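Asks: sequence below, structure please.
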Amino acid sequence: MSGGGKGGSQTSKTEIPKWLEEPAIRNLARAEDVARLGYQPYYGIDVAGFNPTQRTAMQSGYDAAAAFGLAPAGGDAMAGMPQTETIGGFTGYSSAPLYEQALAEWQSRNPEQAAQYAGLFGTEPQAPTRNTSSDGEESAYRHRTWDERNPS
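Replies: Down below sits the predicted model:
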């Protein structure tokens, strides 16, 4: 016969050090604030535009091809290129207008889904509110609950 199951059991307990409790609570509250920020699109220049020397070189190449009948005469080497934008002294192309267009299209086609998504991030980030802890100290931080942030 085996002697399995004999012996006592052991219990271990891990406690968070007192000096770490308050910073950990504040850190979690801040993480919740950051989680509510939502997507932050970039509205700057994504791709550099051609400078005047590059445009002249492309046009010269096009004109040379046209001189030998390889392209229509009088054509524009930059035809079909989108208009560049100048932001902060840099000229180039930004994907922001495409993002805005796609977002508007999505919102018009899926208004319920768009509203549901916006509800995830719709509230402004809230600073943690001071709360009296169970031992009466004013040092504890408590983040507002979902119901406090979104009264019905």
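Asks: so which bits of the helix or strand encompassing Ala57 are buried?
Replies: Using DSSP states H and E, Ala57 maps to helix 52-67. Residues of helix 52-67 classed as buried: Tyr62 (neighbour count, 16 or more other CB atoms under 10 Å). Backbone N, C-alpha and C define where each C-beta goes, glycine included.
Asks: cool, stretch 66-80 as well?
Replies: Ala77.
Asks: okay, how far is it across it, tip to tip?
Replies: Taking CA to CA, to the nearest Å, stretch 66-80 runs 18 Å from one end to the other.
Asks: repeat for stretch 30-40
Replies: Counting by CA to CA, you get 17 Å between the two ends of stretch 30-40.
Asks: what about the closest residue to Gly44 other than its chain neighbours, distance to Phe50?
Replies: Once flanking residues are discounted, Gly44 sits nearest to Ile87: 5.7 Å by CB to CB, 6 or more residues apart in numbering. According to CB to CB, to the nearest Å, Ile87 and Phe50 sit 16 Å apart.
Asks: which one of these two is surrounded by more residues?
Replies: Ranked by neighbour count (other CB atoms under 10 Å), Ile87 and Phe50 place Phe50 first, with 16 against 13.
Asks: quick one: distance of stretch 81-91 to the chain centre.
Replies: Its chain's average C-alpha position is 23 Å from that of stretch 81-91, according to CA atoms, centre = their mean, to the nearest Å.
Asks: show me what counts as buried in it.
Replies: Thr84.
Asks: send me it as PDB with only the CA atoms.
Replies: What follows is stretch 81-91 as a C-alpha-only set of coordinates in PDB (Å, rounded to 0.1, in the frame of the first residue of the first chain):
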ATOM      1  CA  MET A  81       1.100  62.800 -58.300                       C
ATOM      2  CA  PRO A  82      -1.000  64.100 -55.400                       C
ATOM      3  CA  GLN A  83      -0.500  67.700 -54.300                       C
ATOM      4  CA  THR A  84       2.200  68.000 -51.700                       C
ATOM      5  CA  GLU A  85       1.700  69.700 -48.300                       C
ATOM      6  CA  THR A  86       4.100  71.900 -46.400                       C
ATOM      7  CA  ILE A  87       4.000  71.400 -42.700                       C
ATOM      8  CA  GLY A  88       6.600  73.000 -40.400                       C
ATOM      9  CA  GLY A  89       8.800  73.800 -43.300                       C
ATOM     10  CA  PHE A  90       8.800  70.300 -44.800                       C
ATOM     11  CA  THR A  91       7.100  69.500 -48.000                       C
END
